[in-house]
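Student: Generate a structure from the sequence data that follows.
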Amino acid sequence: MVTYNLSLTTRWITDHPHFKNGTPSNRIIYKTLCGLGATHGEALIYKRHSIILLPNTPVLIGKKTAREPDGSLSYPNIFIVYEDVKAEELKTYLNDDSIEFKKILCTPEAYKHKVRETIIKNEKYDLFKDFFMLIDECDSLVKTVFFRGKIVSPLTDFFQFDKKAMISATPIIPSDPRFEQHKFKVLKVVPQFAYKKHIDIIHTNNIAASLKHTLSQNPEQQIFIFLNSTKLSAKLIKKLGIEKKANIYCSEEKVRELKKKMGIRNAKSELKDLKKYNFLTSRFFSALDIKLGEIAKPTVIMITDLHRAPFSLLDAFSDSIQIVGRFRDGVENIIHITNTKPDIEFKTPLQADKQISESYECFKKLLEVKGDSHTEYGLITAKQAIERNDFFKFTEETGSLSYFACDSFHLHQKIKSQYRNITILAEAYIETNYFIPKVLNRLYDADDALIDILETEDISRAKLNEAVATLLLYYANRNNAIQIPCVDEELANKLRLDYPVQAKYFDKLGYAKMKALEFNDAKMSNEVNMLNNENILSNPLLIKAVKSLYKVGDNVLKAECRKSIGEIYSEFGHHKSIKSTEIQKYYEVTDSTMNTTQGKKHKWGILAIK
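Tutor: Here you go, the predicted model:
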């Protein structure tokens, strides 16, 4: 696809001659920066009917409720369409002659199910000739197609519009050949002013401890934390003790789940009632405008946790730029807290192509089987084999290969590969030409894997014992070569209080012996008891007491001897039963028998005291 540059010297792209009369058609517009006013122009300025596809509902609501400094609506004549809006309401809007230019903003799914049919049925308009279609934040088509397949459903119609374009600050150029067939070009906006942002990449093995430290370094600013995991967000809020100062912004479904299952009351589906700490999931990563005023610039923290939240991986080229771009009045600090995974599984472009190609060949045979099946249950079985197949998400409704799904697969392999080590990730940030990264290492004694073990209720006892012993080993060696730079002081201070049994094993046996005993409670308990008994029996007072029982020349019945020594042992805390031969530790003896009225009895003859 041909690419050409557009030099931008003005704040708003709508002031450029190339955009004066509207968004140029048959273009994928790479606008480089968020907030240049491209969507604003199509929704308000340009004198034509427009359909603007936006990625999700919060963005639509944000446009609908946006207000100017004087309190008036920023977009008084737009009509937003999403799940709760009825087609009849759109019909009324289309027939309202007081609004000369119709500006319809909707999600891709709403376009297919409501907007398309409503306009086609309206005799006043020709959908494809009268309306300009703009797909905003078009990178979402590639990024989300796997878990939101219908997001690409408008593409069939898209190419039928006389005038159309796609736009994003972070576009992912699609491989779909229809763009070439319709002579699309890539228009890259090149700002002629400084725009690069400094970002601190905090490389850590303990997300919670690093977040706590980061928050302590930014006490004055309002904090926005972008993390695509409501479960982990809730966990961090509780761990940091900020429940009264934090909100989680997520989908309505997740709001209900957080309140019901995790007891989180401050969860919302709309970005309102902001607090000191604001956690946002991916539905708030792009397109949304967050205006706080230039005086109240926030600290933006992005979190990636490869171990506990695989969907929290952030793409430096799209996610990170989009997140920073939400804040129209600027930000104070930008921080990305992340761990890395040297053994993360990913495929090279060649390997990805090979997987797609070979899988598709097999998938087509399943389609043939379905086509050859003419019995009721044969068709059911064939359909199940197709639709439950992992490769089904790579295909269109017709069974043909989805270019957007293939692009998405390639993209996610590339993103995963960047998290092998922090150097590769930092290089990716440099290559965006948007960020100036600085890497800060914060590696803790207690890493996320150990923390998970301590916090998981159904973990095996052996794993718990090993985790506690590992941490106690770290703390016992904080001043020598195995010291890890950062210590979670709170955990270090309360570890022995929370895990007294494990601490006892560690103090008595040491880490190496615990490991040799497989961190098994029964084995370690027996070993500790043995050591305790050995310590008791080596007590000089005990030894003196036993050696005081007899003198040389005495003859003593074995049963009485065993009882007497046993009583002394018990007095000193040794309660295990002993044999009559225990006397041989303290005396030189002879073994003999003697006749009594009760018969023969075994006795010891005392020859010497050892």
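
Student: For residue 461, give its distance to residue 450.
Tutor: Separation of residue 461 from residue 450 (Cβ to Cβ, to the nearest Å): 16 Å. Bear in mind the C-beta positions are built from the backbone N, C-alpha and C, glycine included.

Student: er, residue 360 actually
Tutor: Residue 360 is 43 Å from residue 450, where distance means Cβ to Cβ.

Student: who has more neighbours, those two?
Tutor: Neighbours per residue (other Cβ atoms under 10 Å) separate residue 360 from residue 450, with residue 450 holding more: 22 against 17.

Student: Could you list everything the residue nearest to residue 188 when sequence neighbours are not counted pairs with in the sheet?
Tutor: Leaving aside its chain neighbours, residue 188 sits nearest to residue 30 (4.4 Å; criterion: Cβ to Cβ, 6 or more residues apart in numbering). Counting by DSSP bridges, residue 30 is bridged to residue 168, residue 188.

Student: what residues are up against the residue lying closest to residue 282 once chain neighbours are set aside?
Tutor: Computed as Cβ to Cβ, 6+ apart, the closest residue to residue 282 that is not its neighbour in sequence is residue 228, at 4.3 Å. Contact analysis of residue 228 by Cβ atoms under 8 Å, 6 or more residues apart in numbering lists 281-282, 285, 309, 311-312.

Student: Which helix or which strand is home to residue 228?
Tutor: Per DSSP states H and E, residue 228 falls between elements, in no helix or strand.

Student: Give me the phi and psi for it.
Tutor: Backbone torsions for residue 228, taken as degrees, to the nearest 10, come to phi -90, psi 60.

Student: Next one: it from residue 339, what distance?
Tutor: In terms of Cβ to Cβ, residue 228 sits 15 Å off from residue 339.

Student: Please apply the same query to residue 359.
Tutor: Distance from residue 359 to residue 339, by Cβ to Cβ: 31 Å.

Student: more neighbours, those two?
Tutor: Neighbours were counted for residue 359 and for residue 339 using other Cβ under 10 Å; residue 339 has more, 23 against 14.

Student: what does the model give the more buried one for pLDDT?
Tutor: For residue 339, the pLDDT comes out at 96.

Student: Residue 458 falls within a strand, correct?
Tutor: No - counting by DSSP: H, G, I helix; E, B strand; the rest coil, residue 458 falls outside a strand, being coil.

Student: For the stretch 451-600 of the chain, just list every one of the helices.
Tutor: For the stretch 451-600 of the chain, helices defined by DSSP state H, counting those that start in this stretch occupy the ranges 461-476, 489-498, 500-516, 521-537, 540-547, 558-571.

Student: So which of those helices has the densest surroundings on average?
Tutor: Compared across the helices of the stretch 451-600 of the chain, helix 461-476 shows the largest average neighbour count, a mean of 19 (mean count of other Cβ atoms under 10 Å).

Student: Output the lowest mean pLDDT helix or strand found in the protein.
Tutor: Across the helices and strands of the chain, mean pLDDT, DSSP states H and E gives its lowest value to strand 587-596, namely a mean of 84.

Student: Contacts for that strand next, please.
Tutor: 547, 550, 555, 583, 600-610.

Student: Narrow the residues you listed to those in strands?
Tutor: The members of these that map onto strands under DSSP state E are 555, 600-609.

Student: before we move on, the earlier item: can you put the helices of the stretch 451-600 of the chain in CSV and add distance to residue 71?
Tutor: As requested, the helices of the stretch 451-600 of the chain are exported to CSV (distance: least, Cβ to Cβ, whole Å):
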stretch, distance to residue 71
helix 461-476, 56
helix 489-498, 47
helix 500-516, 62
helix 521-537, 68
helix 540-547, 89
helix 558-571, 87
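
Student: Let me have these in a markdown table, extended by distance to residue 317 and mean pLDDT.
Tutor: Converted to a markdown table, these look like this (distance: least, Cβ to Cβ, whole Å; pLDDT from 0 to 100):
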| stretch | distance to residue 317 | mean pLDDT |
| --- | --- | --- |
| helix 461-476 | 37 | 91 |
| helix 489-498 | 36 | 87 |
| helix 500-516 | 44 | 94 |
| helix 521-537 | 50 | 87 |
| helix 540-547 | 74 | 90 |
| helix 558-571 | 74 | 90 |
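
Student: so what pLDDT did residue 483 get?
Tutor: 51.

Student: Just the buried subset of the contacts of strand 587-596, please.
Tutor: Among these, those classed as buried by 16 or more other Cβ atoms under 10 Å are 550, 583, 603-606.

Student: Which of those residues lies at the shortest distance from residue 486?
Tutor: Taking Cβ to Cβ as the measure, residue 486 sits nearest to residue 583 out of the buried ones among the contacts of strand 587-596, at 57.5 Å.

Student: so who does the nearest residue to the closest one once chain neighbours are set aside touch?
Tutor: Counting by Cβ to Cβ, 6+ apart, residue 561 is the residue found nearest to residue 583 once chain neighbours are left out, at 5.3 Å. Residues near residue 561 by Cβ under 8 Å, 6+ apart: 549, 580, 583, 604.

Student: ok, now how distant is the first one from residue 586?
Tutor: Just to be clear, that refers to residue 549. Residue 549 sits 8 Å away from residue 586, going by Cβ to Cβ.

Student: just the last one next, same as before
Tutor: Separation of residue 604 from residue 586 (Cβ to Cβ): 11 Å.

Student: what's the answer for the second one, then?
Tutor: Applying Cβ to Cβ, one obtains 13 Å for the distance of residue 580 from residue 586.

Student: Which helix in the chain has the most residues?
Tutor: Under DSSP state H, the helix in the chain containing the largest number of residues is helix 349-372.

Student: May I see the buried residues of that helix?
Tutor: 352, 356, 360, 363, 366, 370.

Student: any chance of these in CSV, plus distance to residue 196 and pLDDT?
Tutor: Listed next are these as CSV, based on distance: Cβ to Cβ, whole Å; pLDDT from 0 to 100:
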residue, distance to residue 196, pLDDT
352, 31, 97
356, 36, 97
360, 41, 96
363, 44, 94
366, 49, 94
370, 53, 92
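
Student: would you list the residues you listed in JSON lines and tack on distance to residue 174?
Tutor: Formatted as JSON lines, those follow (distance: Cβ to Cβ, whole Å):
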{"residue": "352", "distance to residue 174": "16"}
{"residue": "356", "distance to residue 174": "15"}
{"residue": "360", "distance to residue 174": "18"}
{"residue": "363", "distance to residue 174": "21"}
{"residue": "366", "distance to residue 174": "26"}
{"residue": "370", "distance to residue 174": "29"}
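
Student: Of the contacts of residue 561, which one scores lowest on pLDDT?
Tutor: Comparing the contacts of residue 561 by pLDDT, residue 580 comes last, at 86.

Student: Report the contact partners of that residue.
Tutor: 558-559, 561-562, 602, 604.

Student: how near is it to residue 437?
Tutor: Per Cβ to Cβ, residue 580 is found 77 Å from residue 437.

Student: what does residue 365 give?
Tutor: Separation of residue 365 from residue 437 (Cβ to Cβ): 47 Å.

Student: What's the separation between the residue minimising distance to the centre of the chain and residue 227?
Tutor: Centroid check for the chain by Cα atoms, centre = their mean gives residue 309 as the closest residue, at 2.7 Å. Look at residue 309 and residue 227: by Cβ to Cβ, they are 7 Å apart.

Student: need the helices for the stretch 201-350 of the chain, in chain order.
Tutor: Under DSSP H, counting those that start in this stretch, the stretch 201-350 of the chain gives helices at 207-217, 230-240, 252-261, 319-325, 349-372.

Student: Out of these, which is closest to residue 516?
Tutor: Nearest to residue 516, of all the helices of the stretch 201-350 of the chain, is helix 207-217, at 30.8 Å by Cβ to Cβ.

Student: the strands in the stretch 151-300 of the chain, which residues?
Tutor: Under the criterion DSSP state E, counting those that start in this stretch, the stretch 151-300 of the chain contains strands at 163-168, 185-191, 197-204, 223-226, 246-249, 267-268, 277-280, 299-304.
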